[in-house]
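Engineer: Starting from these lines, generate the structure:
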Amino acid sequence: QVQLVESGGGLVQAGGSLRLSCTTSGLTFSSYVVGWFRQAPGKEREFVAAASWSGARTLYATSVKGRFTISRDNAKNTVLLQMNSLKAEDTAVYYCAAKSSGLTTTVISYDYWGQGTQVTVSS
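Structural biologist: Here you go, the predicted structure:
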């Protein structure tokens with residue numbers, strides 16, 4: 001079956017960096033759009049970043065543009081999220097997700113999800 005497993009979360013001070021990784025199995029990774037989403041306590045899940053099947057096209061939420069970078073390694077079935085200049089408001093559970101076509105930002109359009117990894121930024 002399809003599995004997405006996130007790692008790399010943790011506690012970091014404001015201004016610091018973290019790199020999240022998502023390893024996938026059970027799907028033809030290079031044919032899928034991949035995305036990162038996050039959900040803070042009491043809030044809805046929101047879009048963070050997404051990359052096309054080749055990684056040539058990317059989308060970012062306005063709140064993270066210029067600070068976060070999404071990348072993918074199709075040979076390793078892995079997608080990364082490099083997060084720099086972290087802020088307290090970036091604190092959330094981060095999820096990776098995959099969809100079969102179309103680079104989009106909507107939660108409901110993604111077919112497969114990981115279990116999430118906690119990112120906590122202390123101010």
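Engineer: In its sheet, which strands sit next to the strand or helix carrying Leu20, and in what direction?
Structural biologist: The secondary structure element spanning Leu20 is strand 18-25 (assigned by DSSP states H and E). Using DSSP bridges, the strands paired with strand 18-25 are strand 3-7 (antiparallel), strand 78-83 (antiparallel).
Engineer: hmm, who's touching it?
Structural biologist: Strand 18-25 is touched from outside by 2-10, 12, 32, 34, 36, 76-83, 86, 94, 96, 98, 112, 114, 117, 119, with contacts defined as Cβ atoms under 8 Å, 6 or more residues apart in numbering. From N, CA and C alone the C-beta is placed, and that goes for glycine too.
Engineer: what packs against the helix or strand following it?
Structural biologist: Note on strand 18-25: by DSSP H and E, the next helix or strand toward the C-terminus is strand 33-39. Under the contact criterion of 3 or more Cβ pairs under 8 Å, 6 or more residues apart in numbering; DSSP states H and E, strand 33-39 touches strand 18-25, strand 46-51, strand 68-73, strand 78-83, strand 92-99.
Engineer: orientation of the fourth one relative to strand 92-99 in degrees?
Structural biologist: Read it as strand 78-83. Interaxial angle of strand 78-83 relative to strand 92-99 (axes from the mean of the first three to the mean of the last three Cα atoms, to 10 degrees): 140 degrees.
Engineer: Please identify the buried residues of strand 78-83?
Structural biologist: With burial defined by 16 or more other Cβ atoms under 10 Å, the residues of strand 78-83 counted as buried are 78-81, 83.
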